[in-house]
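Participant: with the input below, show me the fold.
(2 chains)
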Protein chains: 2
Amino acid sequence: MRSHYQEELGHINEQLVQMSGLAATALERATRSLMDADLDLAQAVISDDAFLDALRRDVDNRAIDMLARQQPVATDLRQMVTTLRMSSDLERAGDLARHVAKLARLRYPAPALDEQLRPIFVEMSTIAIQMVRRAGEIVAASDAHGAAELMGADDTMDRLHREVFRILLDPSTSMSAQATVDATLLSRYYERFADHAVSVALRVVYLVTGVWADEQLPGAHEHFLSDVPRPHH
Amino acid sequence: MRSHYQEELGHINEQLVQMSGLAATALERATRSLMDADLDLAQAVISDDAFLDALRRDVDNRAIDMLARQQPVATDLRQMVTTLRMSSDLERAGDLARHVAKLARLRYPAPALDEQLRPIFVEMSTIAIQMVRRAGEIVAASDAHGAAELMGADDTMDRLHREVFRILLDPSTSMSAQATVDATLLSRYYERFADHAVSVALRVVYLVTGVWADEQLPGAHEHFLSDVPRPHH
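Facilitator: As a prediction, this is how the structure comes out:
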């Protein structure tokens, strides 16, 4: 019985790692569709999100089934509850990648992103993709120490998010209202995507230490608007 | 034992209703702080979010404790898992209200919202506040039918969200880049707040029917960018 439990747990963890990989790939392809105004690729990202949703349902069903059949307590119970939360974070990260692709599709054949903003969004996407992949490794290794590293990367994401606003508000930046709206939404999507990666890592911390880090560690979720620069006068 | 379980369940449900009320109040006050550029009120909303966070932790601890001690199966298990998800939705709704207040604080003493956008944001806030209050009533009454009503209200929210973009992109609207960025974020916050209210209602549907409505019903979460109007040429 116990070994069946461990086997099932291993399977769930593999699926969570797989979800991290799918979320990373989704954001990588969504970013490419955005940069290249590639309609087919955007469309593929949007429809492929169904795989991540299906995987999430499967993970959740397995976790709930284990709760029902194995009646876990203590660490095992914590593991199941945490699984439900991680699958939710990773599915939501996939949704955000899909939002990026939807915006690329919506503006096609025009590029959704203003030329001036391409470098910073390349940087944001690179970091966000690395973060969610790293979150998958952290889950695989039950590596509570990895979370600190992800929080460092998240600080960089926040800095870049603020930098996007700085560029948008700079009087020398002359951008259409639509480009401004789109860049604001996109920046928010990348920033939230990274938050979910951090959240997954913090749940591993909880699993290993029993401490609800996501509500205690500063800066994990609440940072993005606290110092948007004031306008230039 | 069983009656203790029912009592504890009743207590958890009361707390979820209380969370809905707190989220509604938070958005009501945040909106007022935004409209009146009221720094003290914005500050109060931001700090009072801690009550909602604490309540969420208490609800989660109770639910996890019940999972551990009562070893529920079938409907009772579903109830506990759903409780964890509803508390997460309501806490997140509170976060979004706090984001509105943070933006009001950030722009103080200037009003964060352009004059032209006040009526539509009043309307969005009114609907969003009603929605989360209604979600609380739906939880209290285990009213699976109430969800359809909330989804109707959510369609109105989506229409208003698109209308905000239409106004921002109208060439006759002359707004600063900062006003455009701020309105984009604010509109997204209200729209997401409403999504969480719908999500709570859909979880009640799941509880009553066993069907995961939130992934099957169209339009519950994915709508907001699908037809942002193209710019006027």
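Participant: list the buried ones in stretch A:127-145?
Facilitator: Residues A:127-129, A:131-136, A:138-139, A:143-144 are the ones in stretch A:127-145 that count as buried (16 or more other Cβ atoms under 10 Å in any protein chain shown). (Glycine included, C-beta is placed from N, CA and C.)
Participant: avg pLDDT for it?
Facilitator: For stretch A:127-145, mean pLDDT rounds to 96.
Participant: among the buried residues of stretch A:127-145, which ones lie close to chain B?
Facilitator: Contacts with chain B are made by none of those, judged by Cβ under 8 Å from any Cβ of the partner chain.
Participant: got a markdown table for those residues, with distance to A:Ala153 and secondary structure too?
Facilitator: A markdown table is the format used below for those (distance: Cβ to Cβ, whole Å; DSSP: H, G, I helix; E, B strand; the rest coil):
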| residue | distance to A:Ala153 | secondary structure |
| --- | --- | --- |
| A:Ile127 | 6 | helix |
| A:Ala128 | 9 | helix |
| A:Ile129 | 11 | helix |
| A:Met131 | 5 | helix |
| A:Val132 | 10 | helix |
| A:Arg133 | 11 | helix |
| A:Arg134 | 8 | helix |
| A:Ala135 | 10 | helix |
| A:Gly136 | 14 | helix |
| A:Ile138 | 12 | helix |
| A:Val139 | 16 | helix |
| A:Asp143 | 15 | coil |
| A:Ala144 | 16 | coil |
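Participant: now the residue nearest the centre of chain A: how far from A:Ala97?
Facilitator: The residue lying closest to the centre of chain A (Cα atoms, centre = their mean) is A:Phe193, at 2.9 Å. Distance, A:Phe193 to A:Ala97, by Cβ to Cβ, to the nearest Å: 7 Å.
Participant: give me the common contacts of these two.
Facilitator: Taking Cβ atoms under 8 Å, 6 or more residues apart in numbering or on different chains as the contact rule, A:Phe193 and A:Ala97 both touch A:23, A:27.
Participant: picking that back up, any residue of the strand or helix carrying the residue nearest to the centre of chain A up close to chain B?
Facilitator: Using DSSP states H and E, A:Phe193 sits within helix A:177-209. Yes: under the criterion of Cβ under 8 Å from any Cβ, chain B is reached by helix A:177-209 at A:177-178, A:180-181, A:184-185, A:188.
Participant: run the angle between that helix and helix B:177-209 for me.
Facilitator: Here the directions of helix A:177-209 and helix B:177-209 differ by 50 degrees (axes from the mean of the first three to the mean of the last three Cα atoms, to 10 degrees).
Participant: show me the contacts for the closest residue to A:Met131 other than its chain neighbours.
Facilitator: Among residues not flanking A:Met131 along the chain, A:Ala197 sits closest, at 3.9 Å (Cβ to Cβ, 6 or more residues apart in numbering or on different chains). By Cβ under 8 Å, 6+ apart, the contact list for A:Ala197 reads A:89, A:93, A:128, A:131-132, A:134-135, A:150, A:154.
Participant: 10 Å instead?
Facilitator: For A:Ala197, the contact set (Cβ atoms under 10 Å, 6 or more residues apart in numbering or on different chains) comprises A:20, A:23-24, A:89-90, A:93, A:127-136, A:138, A:150, A:153-154, A:157.
Participant: could you measure it against chain B, distance?
Facilitator: According to Cβ to the nearest Cβ, to the nearest Å, A:Ala197 and chain B sit 17 Å apart.
Participant: now do A:Glu191
Facilitator: Here the criterion is Cβ to the nearest Cβ. By it, A:Glu191 lies 11 Å from chain B.
Participant: also A:Tyr108?
Facilitator: Distance of A:Tyr108 to chain B, computed by Cβ to the nearest Cβ: 11 Å.
Participant: any idea which element A:Val81 lies in?
Facilitator: Using DSSP H and E, A:Val81 sits within helix A:74-107.
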